[in-house]
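J.: kindly generate the corresponding structure for this input.
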Amino acid sequence: MRQKYLEAKSFSLKYKMVFMKINSKIELKMASESIIDDYFQSIHKDVSQDEYRDNLQKKYPTKEMILKRIKDMVGKTASDGTPDFFIYYEDELAGVFEFHPLTNDDYLEVGYWLFAEFRRKNILSEIFPHMIQYVAEHFNKSKIRATTAIDNDPSKRLLEKVGFIKTGKIFEEQVASGIQREFEYMYFLPSVMAQE
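T.: Next up, the predicted model:
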């Protein structure tokens, strides 16, 4: 199941994109300025009933704002080596798999999302084992952490399916709409073998 991927020796705006082919339909591309048009078009695609896309449309109404966001993503990668990957499904930008900035904790935190029309296609189930392997090979961490909203049953099932364990901790976060959103689950993957 292990896939070969290109490994960047240097993370910078000028370095070529890292690419990871998961299977015949799914591939990951490291955040870079070459993604701007794809990201803009995918955000501003006219699809009904996608609250996440609606929020992104408000947050990034112009290509200039998307360029700033991508430069921030690339800058984080350059500063600590934690990349953000754009998820492509059948050559369409479907979502993002991101690594949060490094901390002194013994875990690396990940986040992920898909546009509504790409959900229920097992995309993240296919990606997660490769990202777990990526962490094991590139970071000296013993765990991977992910959080999910209390009411996000598909995300909870996904994390449990790929081997994460519910810790029972609850987190609250202020979201853009001003509504408190509780995060009921934090998952750890103790089976990740950190490279020493």
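
J.: and the most centrally placed residue in the chain, how far is that from Ser48?
T.: Among the residues of the chain, the one closest to the centroid is Phe97, at 1.6 Å (CA atoms, centre = their mean). Taking CB to CB, to the nearest Å as the measure, Phe97 falls 25 Å from Ser48. In short, each C-beta sits where N, CA and C put it, glycine included.

J.: now do the helices in this structure.
T.: Remark: helices assigned in the chain by DSSP state H are 36-43, 51-59, 63-80, 123-138, 153-161.

J.: mind listing what the residue nearest to the centre of the chain touches?
T.: The contact partners of Phe97, taken as CB atoms under 8 Å, 6 or more residues apart in numbering, are 28, 84-85, 87, 110-112, 124, 127, 131.

J.: would you check which pair of these lies furthest apart?
T.: Across the contacts of Phe97, the longest distance by CB to CB is 15.0 Å; it joins Asp84 and Leu124.

J.: with neighbour numbers in mind, choose between those two.
T.: Comparing Asp84 with Leu124 by neighbour count (other CB atoms under 10 Å), the higher total belongs to Leu124, at 24 against 21.

J.: from Gly95, how far off is the more buried one?
T.: 8 Å.

J.: what residues are shared contacts of these two?
T.: Jointly contacting Leu124 and Gly95 under the rule CB under 8 Å, 6+ apart are 112, 114.

J.: so what's the residue count around Trp113?
T.: By other CB under 10 Å, 16 other residues sit near Trp113.

J.: ugh, typo on my part, it should be Lys121
T.: For Lys121, using other CB under 10 Å, the count is 15.

J.: give me the neighbour count for the nearest residue to it once chain neighbours are set aside.
T.: Leaving aside its sequence neighbours, Lys121 sits nearest to Tyr89 (CB to CB, 6 or more residues apart in numbering; 6.7 Å). As a burial measure, Tyr89 scores 19 neighbours (other CB under 10 Å).

J.: my read: Tyr39 touches Glu92, true?
T.: No. In this structure, Tyr39 is not within contact of Glu92 by CB atoms under 8 Å, at 11.5 Å.

J.: and these two? which has more neighbours close in?
T.: The neighbour count for Tyr39 versus Glu92, taken as other CB under 10 Å, is higher for Tyr39 (20 against 14).

J.: and the more buried one, how far from Tyr89?
T.: In this view, Tyr39 and Tyr89 are 14 Å apart by CB to CB.

J.: low-scoring stretches of this structure, by residue?
T.: Along the chain, segments meeting pLDDT under 70 span 1-17, 175-196.

J.: show me what the residue nearest to Glu160 when sequence neighbours are not counted is bridged to.
T.: Spatial nearest neighbour of Glu160, excluding adjacent residues (CB to CB, 6+ apart): Lys166 at 7.2 Å. Beta-bridge partners for Lys166, by DSSP bridges, are Tyr187.
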